[in-house]
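Chemist: Got a predicted structure here, sequence first:
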Amino acid sequence: MHIRGDYRIRSAILRSCGMTVLRTVHTADLTADDRTRIRAMLDEAFDGDFDDHDWDHSLGGQHILISVDATLIAHGAVVQRQFLHRGRSLRCGYVEAVAVQKAHRRRGCAAAVMTEAERLIDHAYDLGALSASSDAGRLYQGRGWRVWPGGTAALTPSGVTRTPGDDDSTLIRRVTGGASLDESHPIICDWRDGDVW
């Protein structure tokens with residue numbers, strides 16, 4: 001069994017799920033077969049509501065892969081984004097494409113993925129962020145992620161634009177020793193095609 005980070009926490013989670021391998025790998029080190037398997041699993045897990053923009057957003061960072069008997073059952077990614085807050089540029093670990101195969105849900109798989117994602121964020125970034133559905137939001141909030149009270153915005157080609165429709169679904173993870181954040185000011189994300197948050 002190969003487990004990154006805090007061995008005791010991850011081994012307990014993985015034993016409770018009956019899992020055999022948790023692997024963290026950069027996009028550059030994924031094989032063509034890895035990419036095909038990840039995309040197929042994400043398409044199935046999201047019931048077809050995972051498009052090419054979503055896939056593109058999950059690339060370029062670290063992928064957390066959980067497999068049982070060489071079958072991929074869970075995935076999450078942490079990619080770097082540049083956020084603005086009170087005139088400062090912040091390095092953000094943004095969580096993307098967290099999914100678990102339907103047959104393996106409610107066994108702690110998502111928690112195992114997020115434990116590794118949070119380890120990456122806590123040791124490499126100024127803050128963490130993600131966008132979640134209302135159902136998934138409960139999982140993340142139970143882990144200490146919080147809706148940002150100052151609201152959200154995006155640095156668009158025409159300037160900073162508020163994104164009030166994303167305020168309730170955007171969650172932030174403060175990092176100990178990370179950036180000093182003022183909850184009365186918005187968090188501004190960088191621009192990208194598809195959903196900006």
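Modeler: The structure has been received and is ready for your questions.
Chemist: looking at the protein, which helix or strand does the model trust least?
Modeler: The helix or strand of the chain with the poorest confidence is helix 7-17; it has a mean of 47 (mean pLDDT, DSSP states H and E).
Chemist: C-terminal to that one, which secondary structure element comes first?
Modeler: Using DSSP states H and E, the helix or strand that directly follows helix 7-17 along the chain is strand 21-26.
Chemist: Mind listing residues that contact the helix or strand following that next one?
Modeler: Per DSSP H and E, strand 21-26 leads on to helix 32-45 as the next helix or strand towards the C-terminus. Around helix 32-45, the neighbours that count as contacts under CB atoms under 8 Å, 6 or more residues apart in numbering are 25, 30, 50, 54-55, 58, 63, 65, 72-73, 75, 97, 99-102. Backbone N, C-alpha and C define where each C-beta goes, glycine included.
Chemist: Tell me the one among those residues nearest to Ser134.
Modeler: Proximity to Ser134 was ranked across those by CB to CB; first place goes to Ala99, at 16.5 Å.
Chemist: residue ranges for the strands of this protein, please.
Modeler: Here the chain has its strands, by DSSP state E, at 21-26, 62-68, 71-85, 88-100, 127-131, 146-147, 152-156, 159-162, 170-174, 187-189.
Chemist: is it true that Ala124 touches Val79?
Modeler: No - with contact defined as CB atoms under 8 Å, Ala124 and Val79 do not form a contacting pair (11.4 Å).
Chemist: ok, now which ones touch Ala154?
Modeler: Taking CB under 8 Å, 6+ apart, we find Ala154 in contact with Val160, Thr161, Thr163, Ile188, Cys189, Asp190, Trp191, Val196, Trp197.
Chemist: And for Val160?
Modeler: Leu84, Ala153, Ala154, Ile188.
Chemist: Can you convert those residues into JSON lines and add a column each for pLDDT?
Modeler: Formatted as JSON lines, the contacts of Val160 follow (pLDDT from 0 to 100):
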{"residue": "Leu84", "pLDDT": "98"}
{"residue": "Ala153", "pLDDT": "98"}
{"residue": "Ala154", "pLDDT": "98"}
{"residue": "Ile188", "pLDDT": "98"}
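Chemist: Among these, give me the pair with the biggest separation.
Modeler: Of all pairs drawn from the contacts of Val160, the one with the longest distance (CB to CB) is Leu84 and Ala154, at 9.7 Å.
Chemist: and for the two, which residues touch both?
Modeler: Contact criterion CB under 8 Å, 6+ apart; residues shared by Leu84 and Ala154: Val160, Ile188.
Chemist: Look up how far His53 lies from the closest residue to Gly128 other than its chain neighbours.
Modeler: The shortest distance from Gly128 to any residue that is not its chain neighbour, by CB to CB, 6 or more residues apart in numbering, is 3.3 Å, and that residue is Arg173. With distances defined as CB to CB, to the nearest Å, the gap from Arg173 to His53 amounts to 23 Å.
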